[in-house]
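S.K.: Predicted coordinates and the sequence they were generated for:
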Amino acid sequence: MSLGLSGSVQAQTAADMTFFITSAGTGKGADLGGLAGADAHCQSLAQAVGAGSKTWRAYLSTNAAAQGGAVNARDRIGNGPWKNIKGEVIATSVADLHSANNKIGRATAFNEKGELVKMLGETPNMHDMLTGSDLEGKAFPGNINVTCNNWTSSTFGSAMLGHVDREGIADTVFQKSWVSSHMSRSCSQPDLVATGGNGLFYCFAQ
């Protein structure tokens, strides 16, 4: 009885969440199948834990070379507020999310299963999140390929990454940014792993 009740509570908690970090990437490095493929990955992971009734979007920007032009990650995710699987509000609005007040960090970085992401100082370190975005959650100029060909390539370009734990090797605003810390070596899965990631990204419910 207690096990069944625990499972029911966990499902209810998952159903209420509106933010999570992917528990796994697509397996093809930064080739996510474009924004549509990344969104589908968020939706599938959410569906698996009972949160599929919402519309989920990947927090990713594309540059001007994308079909339809540049897309800003911040414009894809709705208006908030957003909370993780534990019910903790990580931001109340888009402006709050992109301010120093947001609550994304080591203690709140849960995936859709309620597991904390392995971060700086842990093995393996997976704190790098794919974003392709600047500090404000916006796309870079079209001549800067930090979206791995708009999330369609594992062989060309690089990806802008954010530190989900907001920690890094230097005391800079970038190293402490959840959205725009540094570029990956390349777009391949091995190189994403080598720089401290695993091809993971943020998912928000609109």
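M.R.: Happy to help now that I have it.

S.K.: Could you find the closest non-adjacent residue to Thr48?
M.R.: Thr isn't right for residue 48; it's Ala. Closest residue to Ala48 apart from its sequence neighbours, by CB to CB, 6 or more residues apart in numbering: Glu112 at 7.3 Å. C-beta here means a position set from N, CA and C on the backbone, and glycine is covered the same way.

S.K.: list the contacts for the one you found?
M.R.: Contacts were defined as CB atoms under 8 Å, 6 or more residues apart in numbering; by that measure Glu112 touches 14, 17, 20-23, 45-46, 48-49, 51, 85, 203.

S.K.: List only those of these flagged as buried.
M.R.: 14, 17, 20-23, 45-46, 49, 51, 85, 203 (16 or more other CB atoms under 10 Å).

S.K.: Just give me the neighbour total for Gly87.
M.R.: The burial count assigned to Gly87 is 9, neighbours taken as other CB atoms under 10 Å.

S.K.: sec struct for it, please.
M.R.: coil (DSSP: H, G, I helix; E, B strand; the rest coil).

S.K.: quick one, helices of this structure?
M.R.: All helices of the chain, identified by DSSP state H, fall at 2-16, 34-48, 94-97, 148-151, 189-194.

S.K.: Tell me which of those helices sits most buried.
M.R.: helix 148-151 (a mean of 24; mean count of other CB atoms under 10 Å).

S.K.: returning to what we had before: reformat the contacts of Glu112 as TSV; add distance to Gly121 and pLDDT.
M.R.: As requested, the contacts of Glu112 are exported to TSV (distance: CB to CB, whole Å; pLDDT from 0 to 100):
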residue	distance to Gly121	pLDDT
Ala14	28	86
Met17	26	97
Phe20	22	98
Ile21	17	98
Thr22	21	98
Ser23	20	97
Leu45	26	98
Ala46	29	98
Ala48	29	97
Val49	27	96
Ala51	30	96
Ile85	23	97
Cys203	25	98
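
S.K.: Which parts of the protein are strands?
M.R.: Here the chain has its strands, by DSSP state E, at 19-21, 56-58, 82-83, 89-91, 128-130, 160-163, 182-183, 197-205.

S.K.: Out of those, which is closest to Asn102?
M.R.: strand 89-91 (4.6 Å; CB to CB).

S.K.: Run the chain-centre distance for that closest one.
M.R.: 14 Å (CA atoms, centre = their mean, to the nearest Å).

S.K.: Just list what that strand packs against, helices and strands only.
M.R.: Contacts defined by 3 or more CB pairs under 8 Å, 6 or more residues apart in numbering; DSSP states H and E place strand 89-91 against strand 82-83.

S.K.: hmm, back to that, quick one, phi psi at the residue nearest to Ala48?
M.R.: Backbone geometry at Glu112, expressed as degrees, to the nearest 10, gives phi -70, psi -20.
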